[in-house]
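Undergrad: quick one, what's the 3D model for this:
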Amino acid sequence: MSSFFAMLDRMKYIDRWGLMRNTRPESLSEHAQRTAWLAHALAVLRNRRFGGRVNADRAALLALFHDCPESLTGDLPTPVKYYSAEVREAYRTVEEHASRQLMDMLPEDMREDYAPLLFPAREDAALWEIVKAADILCAYLKCLEELRAGNREFAVAAEQQRLRLEALALPEVDAFIAQFVPAFDMTLDEMKPPG
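TA: All right, here's what the predicted structure looks like:
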């Protein structure tokens, strides 16, 4: 018996943004799915418009698994996680331990296939850069969603996420924001293609 996938399935019970009032909760599973979509899009943009040569499918897969250790640790709020270098390093150790626990839940013959999804490999460095950008973009979109719903609780967080995205200086992020983010403010009827 293996409890690996049952443990990952519990991500649906873990809410993000725990320190803030949300108009609509966002589970860790939902976040992972959205991050995977965004990572795939950023990789495609990098390849199509900016001369990249990254595997968009692999970027999406890495993004889908990027927060799996939180199925064991829960979601540590950003202000706590980044409080100091010591706290960040301690949390990194906790996440690595959680990843090892997840690996131990897998049958032996599957571990080498899942190890690169739970432990960033050097050969995936460019993809992890995209996953990190997608993760921040996902947080930014959540903040915009909350602001549209009239929840000012997310005003400062939205600005912080916007600045983090700018600091990445990735042209694919800028292209995504310019071309796709405005539609997130549209109604269903406005999004439908004409005709």
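Undergrad: which SS state does the residue nearest the centre of the chain fall under?
TA: Using CA atoms, centre = their mean, the residue of the chain that lies closest to the mean C-alpha position is Asp135, 3.1 Å off. Recorded secondary structure, Asp135: helix (DSSP: H, G, I helix; E, B strand; the rest coil).
Undergrad: what about Arg164, distance to Ile136?
TA: 5 Å (CB to CB, to the nearest Å). Where you see a C-beta, it was placed from the backbone N, CA and C, and this is true even at glycine.
Undergrad: and the two? Which one has more around it.
TA: Per other CB atoms under 10 Å, whichever of Arg164 and Ile136 has more neighbours is Ile136, with 21 against 16.
Undergrad: give me the neighbour count for the spatially closest residue to Pro171 that is not a sequence neighbour.
TA: Nearest residue to Pro171, sequence neighbours excluded (CB to CB, 6 or more residues apart in numbering): Phe50, at 5.0 Å. Neighbourhood size, Phe50 [other CB under 10 Å]: 12.
Undergrad: give me every residue that touches Phe50.
TA: With CB atoms under 8 Å, 6 or more residues apart in numbering as the criterion, the residues that contact Phe50 are 171-172, 175.
Undergrad: could you report the neighbour count for the closest residue to Ile14 other than its chain neighbours?
TA: In space, and not counting its chain neighbours, Ile14 is closest to Leu28: 4.1 Å by CB to CB, 6+ apart. Leu28 sits with 21 neighbouring residues when counted by other CB under 10 Å.
Undergrad: check which helices and strands the helix-or-strand element of the chain with minimal mean pLDDT sits against.
TA: In the chain, the helix or strand scored least confidently by mean pLDDT, DSSP states H and E is helix 78-81, which has a mean of 75. For helix 78-81, the contact count by 3 or more CB pairs under 8 Å, 6 or more residues apart in numbering; DSSP states H and E identifies helix 85-105 as packing neighbours.
Undergrad: pull out the buried positions in the helix it packs on.
TA: Neighbour counts over helix 85-105 (16 or more other CB atoms under 10 Å) mark 91, 95, 98-99, 101-103, 105 as buried.
Undergrad: now stretch 44-60
TA: Buried residues in stretch 44-60, defined by neighbour count with 16+ other CB under 10 Å: 44-46, 52, 54, 56, 58-60.
Undergrad: then stretch 170-179?
TA: Residues of stretch 170-179 classed as buried: 170, 172-173, 175-177 (neighbour count, 16+ other CB under 10 Å).
Undergrad: check stretch 32-48 too.
TA: Residues of stretch 32-48 classed as buried by neighbour count (16+ other CB under 10 Å): 32-36, 38-46.
Undergrad: what's that stretch in contact with?
TA: Stretch 32-48 is contacted by residues 11, 52-57, 59-68, 127, 130-131, 133-135, 137-138, 141, 170-173, 175-176, 180 when judged by CB under 8 Å, 6+ apart.
Undergrad: what sits up against stretch 51-66?
TA: With contact meaning CB under 8 Å, 6+ apart, stretch 51-66 is reached by 32-33, 35-40, 42-44, 46-47, 117-118, 124, 126-128, 130-131, 134-135, 172.
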